[in-house]
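Enquirer: For reference, the sequence and a predicted model appear below.
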Protein chains: 2
Amino acid sequence: MLSQTSRYALNALIVIARSGGQVNVRVIAEQASIPPNYLGKILHVLGRRGLLRSSRGVGGGFQLARRPEEIPLLEVIETFEDPQFFARCLLGSESCPEGRPCAAHALWVPIVEQTRRFFETTTLADLLAEAQPLAALAEPAPLPERA
Amino acid sequence: MLSQTSRYALNALIVIARSGGQVNVRVIAEQASIPPNYLGKILHVLGRRGLLRSSRGVGGGFQLARRPEEIPLLEVIETFEDPQFFARCLLGSESCPEGRPCAAHALWVPIVEQTRRFFETTTLADLLAEAQPLAALAEPAPLPERA
DNA sequence: TTATATCATCATGATAATATGAGCTTTAAA
DNA sequence: TTTAAAGCTCATATTATCATGATGATATAA
């Protein structure tokens, strides 16, 4: 459904949000199991998109540019997926032109709309709410400070 | 959402179903705007899967192995997509292991389930029902016989 | 002011999906 | 029995995605 890149971005944002402050690429890469070099590029793009702020030098890293409740998943996904991601119909190679829909159009539209609405209304905060109980199960100290 | 290959397969099946009988690769490729060589390979796979029957030699071609009402879209899609297509969760690179779901799991499952159900319950016949009125609009003779 | 940690950027490689082309095999018709 | 139509199969090309590595720029701290 989503590209590997979008999944990396979402997982990285969860790690950053959970840290509550600034984290560097190496730490994010470790915690989210993402190749560090590739992650650097992804975070840079999220920065240009206005979702992250970065600072360089000793003690630098990335932090959220907004509160998690103000980051809908749709905004993350749009950054890395084809802009036609939700416009594209089931059978067509492009979006169905208005007034000349593909064979599956009427049947497919409700599914796409519901999916789009999910990404529009679900925010990073919702993922955190789901994720934290699990982290608590897995690790003794859910929010350890890092050097 | 779907790969190009799956979309080609669905569109090809629609053309074959509409013909009502046997059609050769060249004709299907023209009507569905699919590269003929690539289409040949796709149809061959659909044949091995039991969705199509083929016959060679002069006057040969492909035809449906079952009635359109008995061909759920899911069966076509499973032929070309990753088997994990519907098991894969939003954030995970694999399906969420039982008892250790990813951060988005509980939120995402209803969306996936609805989508899966769509592909399970929608058949080729449903696509034909959608497609035919459009063909009638576009062409004077909706179901021309072909040599 | 020097050293080091860190993000920024560019160039390159690996892999999978998509697509093409050529020759082989089977079948039906002349 | 010959011929040609058509699917079958394999080898190769193209493209986008995913990923790595090396170097440059910048900020902090000693």
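Expert: Thanks, I have the structure now.

Enquirer: does residue A:114 really touch residue B:111, like I thought?
Expert: Yes - here residue A:114 reaches residue B:111: they are 6.7 Å apart, a contact under C-beta atoms under 8 Å. Using the backbone N, CA and C atoms, a C-beta is placed for each residue, glycine as well.

Enquirer: Neighbour count: these two, which is higher?
Expert: residue B:111 (19 against 13; other C-beta atoms under 10 Å in any protein chain shown).

Enquirer: From residue B:90, how far out is that one?
Expert: 8 Å (C-beta to C-beta, to the nearest Å).

Enquirer: now do residue A:87
Expert: From residue A:87 across to residue B:90, the span is 20 Å (C-beta to C-beta).

Enquirer: Please identify which of these two sits among more neighbours.
Expert: When neighbours are counted by other C-beta under 10 Å, residue A:87 and residue B:90 differ, and residue B:90 comes out ahead with 24 against 13.

Enquirer: low pLDDT regions in chain A?
Expert: The model of chain A has pLDDT under 70 over residues A:93-101, A:131-147.

Enquirer: Please enumerate the helices of it.
Expert: A:4-19, A:25-32, A:36-48, A:73-80, A:105-121, A:124-138 (DSSP state H).

Enquirer: Just name the most buried of the ones you listed.
Expert: helix A:4-19 (a mean of 22; mean count of other C-beta atoms under 10 Å in any protein chain shown).

Enquirer: which other residues reach that helix?
Expert: Outside helix A:4-19, the residues that touch it by C-beta atoms under 8 Å, 6 or more residues apart in numbering or on different chains are A:2, A:23, A:27-28, A:31-32, A:34, A:38-39, A:42-43, A:46, A:51-52, A:62-64, A:68, A:71, A:73, A:76-77, A:79-81, A:124-125, A:127-128, A:131-132, A:135, A:143, A:146, B:90-93, B:103-104.

Enquirer: Could you list which of those also contact DNA strand D?
Expert: Near DNA strand D, judged by C-beta under 7 Å from any atom of the strand, the entries from the contacts of helix A:4-19 are residue A:38.

Enquirer: Having no further points to raise, I will conclude here.
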